[in-house]
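Enquirer: show me the folded form of this:
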Amino acid sequence: MHIELDPSASSIALPAQAPVRHEPLMWLNADRVLYVGLLGAPSVRTFGAYSIYLSLSKPHRISVAGGAWQEAEVSVVPPSVPHRIAAGERMICNILIEADSVAPGRLPDYLARGCGEVRDEAVLRGLRAALDRFRCSGTRQFPQTTDFDRSFFGEPLVPRAIDRRIRASLARIKDDPNSHTSAQDCADASHLSVSRFLHLFKAEVGTPFRSFRTWQRARSVLYYVTQNANLANIALDVGYPDSTHFSHSIRQVYGLTPKSIFAGSRRLELYGRAAAGSPRYQFA
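Expert: So this is what the prediction gives:
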């Protein structure tokens, strides 16, 4: 068949490329989280980590610390800052970077200074390319946190310098966030008074001990979201005294009830591994 082309035409229209279909997935270890999945309609949420929101195709809207709503394809929220997020589509990508694991002054500029919309095409392209590489990889694994950082940030993020006594307490909590480790327990192990330990902890980590422990416990729920167990039993496993306390605490952090989080995770594929010392959390 012969087709006559109009010599005056400057271009030939090509079929529109179908949008990439993203399946729900999450990779996590003790220091990083990569989540691609349903956002739902959260109320105010407050994470104890640096949070990066990446739109998969349509821009999202974000309000940080009660400020005006902004439209963005990439946005950043610092640790412990309340915010609201509304996706422009059903799914969104969310990356969490534990604040205790990185030196604040050595982060990429958009992370160190970011609070809301990030207007940087290079950052947008880099994050989307890293997400595509992960989705298309055979194993969907990062052996180490440094491998995750190289993929998403181009190089390992510089670790935070922390007093060895406080670092031991951090490891103790992160290895078993569901335990009822108290400030007294950590102070005794550090050979410090409770008041001195609490002061040193906040100075070294940048957040109060109780806030850090509360965040780590809520974060540990992410390891359970694909389970079909009764939520009351999960509440006890995670270390909450009862379902009411569990629901209230999780909603304060994620802006969603545990029921909503688990319902939205039914098709989620989980990758990565937990901190050492938590073998019950090992998964593919």
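Enquirer: residue 111 touches residue 76, doesn't it?
Expert: Yes. Contact criterion CB atoms under 8 Å: residue 111 and residue 76 qualify, at 6.0 Å. For the C-beta atoms, the positions are set from N, CA and C on the backbone; glycine is no exception.
Enquirer: so which residues of the stretch 51-200 of the chain form strands?
Expert: Assigned by DSSP state E, counting those that start in this stretch, the stretch 51-200 of the chain shows strands spanning 60-64, 70-72, 74-77, 83-86, 91-98, 116-117.
Enquirer: chain neighbours aside, what residue packs nearest to residue 140?
Expert: Closest residue to residue 140 apart from its sequence neighbours, by CB to CB, 6 or more residues apart in numbering: residue 271 at 4.7 Å.
Enquirer: wouldn't that neighbour be in contact with residue 23 here?
Expert: No. If you go by CB under 8 Å, residue 271 and residue 23 don't touch, sitting 11.9 Å apart.
Enquirer: ok so, going back, what about the residue nearest to residue 140, which helix or strand?
Expert: strand 269-272 (DSSP states H and E).
Enquirer: for that strand, packing partners?
Expert: If you count contacts as 3 or more CB pairs under 8 Å, 6 or more residues apart in numbering; DSSP states H and E, strand 269-272 packs onto strand 25-28.
Enquirer: pLDDT on the strand it packs on, on average?
Expert: Strand 25-28 shows a mean pLDDT of 96.
Enquirer: which positions within it qualify as buried?
Expert: 25, 26, 27, 28 (16 or more other CB atoms under 10 Å).
Enquirer: give the contact list for residue 64.
Expert: Residue 64 makes contact with 70, 75, 77, 81, 82, 83, 115, 116 under the criterion CB atoms under 8 Å, 6 or more residues apart in numbering.
Enquirer: look up the closest residue to the fourth one, ignoring the ones flanking it.
Expert: This means residue 81. In space, and not counting its chain neighbours, residue 81 is closest to residue 65: 5.6 Å by CB to CB, 6+ apart.
Enquirer: give me the number of neighbouring residues for residue 165.
Expert: Close neighbours of residue 165, defined as other CB atoms under 10 Å, add up to 17.
Enquirer: one more: residue 130?
Expert: Using other CB under 10 Å, residue 130 has 19 other residues around it.
Enquirer: please begin residue numbering at 20 from this point
Expert: Yep, numbering from 20; the last one is residue 149 now.
Enquirer: closest to residue 153 among the contacts of residue 83?
Expert: Nearest to residue 153 among the contacts of residue 83, counting by CB to CB, is residue 94 at 20.1 Å.
Enquirer: where does the closest one land on pLDDT?
Expert: pLDDT, read off for residue 94, is 98.
Enquirer: now the one 3 residues further on
Expert: On the pLDDT scale, residue 97 is placed at 98.
Enquirer: residues contacting it?
Expert: Taking CB under 8 Å, 6+ apart as the test, what residue 97 contacts is 69, 133, 134.
Enquirer: out of those residues, which one sits closest to residue 154?
Expert: If you rank those by distance to residue 154 using CB to CB, residue 69 comes first, at 22.3 Å.
Enquirer: returning to what we had before: tell me who's in contact with the residue nearest to residue 100.
Expert: Residues in contact with residue 84, defined by CB under 8 Å, 6+ apart, are 100, 101, 102, 134.
Enquirer: are any of the residues you listed buried, and which?
Expert: Counted by 16+ other CB under 10 Å, the contacts of residue 84 give 100, 101, 102 as buried.
Enquirer: now tabulate the residues you listed in JSON lines and tack on pLDDT and distance to residue 116.
Expert: Converted to JSON lines, the buried ones among the contacts of residue 84 look like this (pLDDT from 0 to 100; distance: CB to CB, whole Å):
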{"residue": "100", "pLDDT": "97", "distance to residue 116": "14"}
{"residue": "101", "pLDDT": "98", "distance to residue 116": "18"}
{"residue": "102", "pLDDT": "98", "distance to residue 116": "15"}
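Enquirer: now render those residues as a markdown table, adding distance to residue 169.
Expert: A markdown table is the format used below for the buried ones among the contacts of residue 84 (distance: CB to CB, whole Å):
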| residue | distance to residue 169 |
| --- | --- |
| 100 | 27 |
| 101 | 31 |
| 102 | 28 |
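Enquirer: circling back to that earlier point, closest to residue 251 among the contacts of residue 83?
Expert: The closest of those to residue 251 turns out to be residue 101 (CB to CB; 27.9 Å).
Enquirer: what separates that closest one from residue 267, distance-wise?
Expert: The spacing between residue 101 and residue 267, counted by CB to CB, to the nearest Å, is 16 Å.
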